[in-house]
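**Student:** the sequence and its predicted three-dimensional model are supplied below.
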Amino acid sequence: MQSEASGVVQSFQKGWNRSGERPTTLLLVRHGSTAHSPEGRFSGRNDLPLDGQGTDQAKAVAAYISRLEPVDAIITSPLRRARETADAIATATGRTVAVDEDLIELDFGDWEGLTFGETKQAWPAELADWLDSEHVAPPGGESFAVLAGRVRNLVDRIRTQYAGQRLVAVSHLTPIKTALRLAMGAPHEAIFRFHLDTGALSIVDYYLDGTCSVRILNRSERRH
């Protein structure tokens, strides 16, 4: 029987030498700051615009992306804060923007607009259950497991529709964290163990053999 260690080594060897293969490159951009961001409020399906700092962050990440290898397409969550960020990137790169519903943020249900502390005070048992299991949804909301399903669907579509291309996807904290932890083969709990700034860029390369590589995580230009 093949040992777990040898399986891990083979996995690394499988993705070690790409022989000039052009990957499908996904540039994941978290939208810029909104009125909810400084206080860490649950910000799901609301349609808040970018605040002043968020507008600056969108312009900064757009300028950075424009200096990289040219992108082929831009897709965005339908929510306003993401669309405004995507529009800044479109202006800087000369590309058009398409809306993709699978990029939308987790639905926080009755917790929308609350801080973590306010939620813990009003919904202590429900919050504990939500943090303990990816299959538990906030009251009236969406579970992490459901979100992970649509993120997997999104990535599968991107790997087919944009094979060998460079694609910007503007989304939100939870879908981006989920895409990154799936790329790293990490368990659900990993999303609680790394930080993503508003306006931050992360990059994943996807290869034809089904493997992938996280190349950049949470690159941001802090503008206050």
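**Tutor:** That came through fine.

**Student:** what segments of the protein are helices?
**Tutor:** Assigned by DSSP state H, the helices in the chain fall at 4-14, 52-66, 80-93, 116-122, 124-132, 144-161, 173-183.

**Student:** and the second one with helix 80-93, angle?
**Tutor:** The directions of helix 52-66 and helix 80-93 differ by 40 degrees, with axes from the mean of the first three to the mean of the last three CA atoms, to 10 degrees as the criterion.

**Student:** which residues sit against helix 52-66?
**Tutor:** 27, 29, 31-34, 37, 50, 71, 81, 84-85, 87-89, 91-93, 168, 198-201, 219-221, 223-224 (CB atoms under 8 Å, 6 or more residues apart in numbering). All C-beta atoms are positioned from the backbone trio N, CA, C, and that covers glycine.

**Student:** list only buried entries from those.
**Tutor:** Buried by 16 or more other CB atoms under 10 Å: 27, 29, 31-34, 37, 50, 71, 81, 84-85, 87-89, 92-93, 168, 198-201, 220, out of the contacts of helix 52-66.

**Student:** can you pull out the low-pLDDT segments for this protein?
**Tutor:** 1-19, 222-224 (pLDDT under 70).

**Student:** before we move on, the earlier item: of all the helices of the chain, which one is nearest residue 206?
**Tutor:** Nearest to residue 206, of all the helices of the chain, is helix 144-161, at 5.2 Å by CB to CB.

**Student:** tell me what angle that closest one forms with helix 124-132.
**Tutor:** Interaxial angle, helix 144-161 versus helix 124-132 (the same axes, to 10 degrees): 30 degrees.
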